[in-house]
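Colleague: Next come a sequence and a model predicted from it.
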Amino acid sequence: MTKAVEIVKITKTFPGVKALSNVEMSVKTGEVHAIVGENGAGKSTLMKILGGVYRPDDGQILIHGKAVVIKDVSDSVECGISIIYQELNLMPELTVSENVFITELPKMKATGIVRRGELYRKTRALMERVNIELNPDSLVNDLSVSEKQMVEILKALSHDSSIIVMDEPTAALSNVEVSKLYSIIETLKARGKTIIYISHRLKEIFDIADRVTVLRDGSFVATKDIKSLTQDDIVRLMVGRSVENFYNRDHATFGDTVIEIDHLSCAPYFQNLSFSVRSGEVLGIAGLMGCGREELAKVLYGLLNRTKGRVLINGIPTEVRHPREALRAGIQFVTEDRKDSGIFPLMSVKENLSINIIKKLCNIFSLLINTEKENRLLESYTKFMNLKYASDSQRVMFLSGGNQQKVVLARALAGECRVLILLEPTRGIDVGAKAEIYDLLGNLAKKGIAVIMISSDLPELITQSDRVLVMFQGQITGLLERNEMDEERIMQYATGTHFGEGFTGGAL
């Protein structure tokens, strides 16, 4: 089998950080080649070099046996490379079809006006070829994160490239959508396309990859046939040690009810939801895309207004129609979209941590921040959450995904926190960072915080939750205790099949 991509002694250094050091690897034509490693291992940097976003300091790239120089994105496309980045790169005010074919819009020669009908037909044809269902005329701004991910996939496929790089493509996808992506990959592979696949979800690597390359701290570790490895083997290669039982946590003793949801509705997303969460409890929420679970989180945090029902904190009815009211009630929210609505990318680590509690950090008789207080806050959370950064003034955008997520969590905890709502808390972070987040969840439960964790990762929900609430079409279909949880049962509730055709839903 010929080689589609050869990386020869690639080195890349950023100020104070050596991101890649003499990395060498090769990818065979027509294979699915996985690249794994902890956050900061250099995976995304290497892909951005292939994509023309960065230029290497040293080394060589060969595409189909020919040495190439990739100076920019257009050079990468010219080499037959399409990249689906983990950080979505779409134009929100344009339609799906405009985003997909932005570099080759069909236009009238005389006027330059876009041929809307032809653009719509091209987009529909591409969607049908890979079994993706979206409205080509929908504005990207109106789509969910998972739908935006599908647009990124379509955008990459529109170039008919020979080499397709997928960087965490399933991070925001449901199980059904992941299965669709697998089918797309199999179709592309059958057509002789080469897939480079980056994922922190090790199960996916074993589901679809032919070979896997492991990077650690910017250096090449190994390339091996996937059939010769176990998940434990890959973890050891990634982190240089064994991560024992990182999915398991000690479950805390529960206290009184902290938050109670009483017949809550938010039309058209969900109806008549009732449940409660106790002090020290982690309540997991499962469901397929569109079931209403993300909207539930937004209602509880005041980003959406409820149409009916009550929210009670410590038994007291509480109005939460704006995030300010949620913060005053002790409700904190960590979004799934770290890049666009989680971090303040151009601000420092310290500023990202303290931005919600600036008033508390100010001197009593002035509006100036007490630097000593702010430094103590950062020092405290750096130790508590094992944060890693070059300096307290480092822009948070330059941290690894796992450390960015820790900063967002630290900001939530720095304010008064009775209820912590987590939406896809380990999306796009590596196995080591996951272990640390799970350990943190256990510590928060022991401190008496009530945690609501919404996740598409069923093993995560099963191992980290004390109970799992399942939603289907805007209603609660199941509330499972620890001894009742398994993936098959959760999926039955999530698809409505557990109750048969006559089930109409409602509160439990």
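Modeller: Sure, I can see it. Numbers count the residues shown, from 1 in each chain.
Colleague: Would you mind listing the buried residues in the strand or helix carrying residue 275?
Modeller: For residue 275, the host element (DSSP states H and E) is strand 270-278. Neighbour counts using 16 or more other CB atoms under 10 Å place 270-273, 275, 277-278 of strand 270-278 among the buried residues. C-beta here means a position set from N, CA and C on the backbone, and glycine is covered the same way.
Colleague: Residue 490: which of those residues is nearest?
Modeller: Closest approach to residue 490 among the buried residues of strand 270-278 (CB to CB): residue 275, at 15.8 Å.
Colleague: And for the closest one, nearest residue in space, chain neighbours not counted?
Modeller: residue 261 (5.3 Å; CB to CB, 6 or more residues apart in numbering).
Colleague: so that neighbour touches residue 276, yeah?
Modeller: Yes - Residue 261 is within contact range of residue 276, at 6.9 Å (criterion: CB atoms under 8 Å).
Colleague: Which parts of the stretch 251-400 of the chain are helices?
Modeller: 293-300, 323-328, 349-354, 358-361, 371-385 (DSSP state H, counting those that start in this stretch).
Colleague: Only the buried residues of the longest one, if you could.
Modeller: Across helix 371-385, burial judged by 16+ other CB under 10 Å covers 374, 377-378, 381-382, 385.
Colleague: now, which of these sits nearest residue 129?
Modeller: Nearest to residue 129 among the buried residues of helix 371-385, with distances taken as CB to CB, is residue 385, at 44.7 Å.
Colleague: secondary structure class for the residue lying closest to residue 437 once chain neighbours are set aside?
Modeller: Sequence neighbours aside, residue 426 is the residue nearest to residue 437 in space, at 5.6 Å (criterion: CB to CB, 6+ apart). Following DSSP: H, G, I helix; E, B strand; the rest coil, residue 426 is assigned to coil.
Colleague: again, but for the one 10 residues further on
Modeller: Residue 436 falls in the helix class when you classify it by three-state DSSP.
Colleague: Give me the neighbour count for the residue nearest to it when sequence neighbours are not counted.
Modeller: Distance criterion CB to CB, 6+ apart; nearest residue to residue 436, sequence neighbours excluded, is residue 386 at 5.9 Å. Per other CB atoms under 10 Å, the neighbour tally for residue 386 reads 14.
Colleague: From the centre of this structure, point out the most distant residue.
Modeller: Relative to the centre of the chain, the most outlying C-alpha is that of residue 110, 44.1 Å out, by CA atoms, centre = their mean.
Colleague: That residue and residue 104, how far apart?
Modeller: With distances taken as CB to CB, to the nearest Å, residue 110 is found 18 Å from residue 104.
Colleague: do residue 205 as well
Modeller: Counting by CB to CB, the gap from residue 205 to residue 104 is 33 Å.
Colleague: So for these two, which sits in the more crowded spot?
Modeller: For residue 205 and residue 104, the more surrounded residue by other CB under 10 Å is residue 205, and the numbers stand at 21 against 11.
Colleague: Need the mean per-residue confidence for the helix or strand containing the more buried one.
Modeller: Residue 205 is part of helix 202-208 when elements are defined by DSSP H and E. For helix 202-208, mean pLDDT rounds to 90.
Colleague: what separates it from the chain centre, distance-wise?
Modeller: Here the centre of mass of C-alpha atoms in helix 202-208, compared against the chain's by CA atoms, centre = their mean, to the nearest Å, lies 17 Å away.
Colleague: thinking again about what came up before, out of the buried residues of helix 371-385, which comes closest to residue 401?
Modeller: For the buried residues of helix 371-385, the nearest to residue 401 is residue 385 (14.4 Å; CB to CB).
Colleague: That closest one contacts residue 440, doesn't it?
Modeller: Yes - between residue 385 and residue 440 a contact is recorded at 6.3 Å, counting by CB under 8 Å.
Colleague: list residues touching both of those two?
Modeller: Common contacts of residue 385 and residue 440 (CB atoms under 8 Å, 6 or more residues apart in numbering): 406, 409.
Colleague: OK, contacts around the residue lying closest to residue 496 once chain neighbours are set aside?
Modeller: Closest residue to residue 496 apart from its sequence neighbours, by CB to CB, 6+ apart: residue 472 at 4.5 Å. Residue 472 sits next to 287-288, 291, 493-496, 505 when contact means CB under 8 Å, 6+ apart.
Colleague: Out of those, give me the one that has the most neighbours.
Modeller: residue 287 leads the contacts of residue 472 on contacts (other CB under 10 Å) with 28 neighbours.
Colleague: Same question for residue 408, what's its three-state structure.
Modeller: helix.
Colleague: isn't it right next to residue 343, touching?
Modeller: Yes - using CB under 8 Å, residue 408 is in contact with residue 343, at 6.2 Å.
Colleague: Overlap in contacts, the two.
Modeller: Joint contacts of residue 408 and residue 343 (CB under 8 Å, 6+ apart) are residue 352.
Colleague: helices and strands of the protein: which one bottoms out on pLDDT?
Modeller: Scoring the helices and strands of the chain by mean pLDDT, DSSP states H and E places helix 358-361 at the bottom, with a mean of 75.
Colleague: And it, what does it pack against?
Modeller: helix 371-385 (3 or more CB pairs under 8 Å, 6 or more residues apart in numbering; DSSP states H and E).
Colleague: Can you name the residues in contact with the helix it packs on?
Modeller: 349-350, 353-354, 361, 387, 389, 392, 406, 409-410, 413-414, 436, 440.
Colleague: returning to what we had before: between the buried residues of strand 270-278, which is nearest residue 37?
Modeller: Using CB to CB, the buried residues of strand 270-278 come closest to residue 37 at residue 277, 35.6 Å.
Colleague: For residue 109, see how far away the spatially most central residue of the chain is.
Modeller: Of all residues in the chain, the one closest to the mean position by CA atoms, centre = their mean is residue 427, 3.1 Å from it. From residue 427 across to residue 109, the span is 45 Å (CB to CB).
Colleague: Equivalent analysis for residue 144, please.
Modeller: Residue 144 is 37 Å from residue 109, by CB to CB.
Colleague: In terms of neighbours, single out the busier of the two.
Modeller: When residue 144 and residue 109 are compared for neighbours, residue 144 comes out ahead with 13 against 6, by other CB under 10 Å.
Colleague: So for the more buried one, what's the pLDDT?
Modeller: So residue 144 comes in at 80 (pLDDT).
Colleague: Who's the closest spatial neighbour of it, skipping the chain neighbours?
Modeller: Using CB to CB, 6+ apart, the nearest residue to residue 144 is residue 289, at 6.6 Å.
Colleague: Any idea how many residues pack against the one you found?
Modeller: Around residue 289 there are 17 residues (other CB under 10 Å).
Colleague: try residue 484
Modeller: With neighbours defined by other CB under 10 Å, the count for residue 484 comes to 12.
Colleague: Break the chain down into its domains, please.
Modeller: 3-239, 257-330+416-499 (automatic domain parsing).
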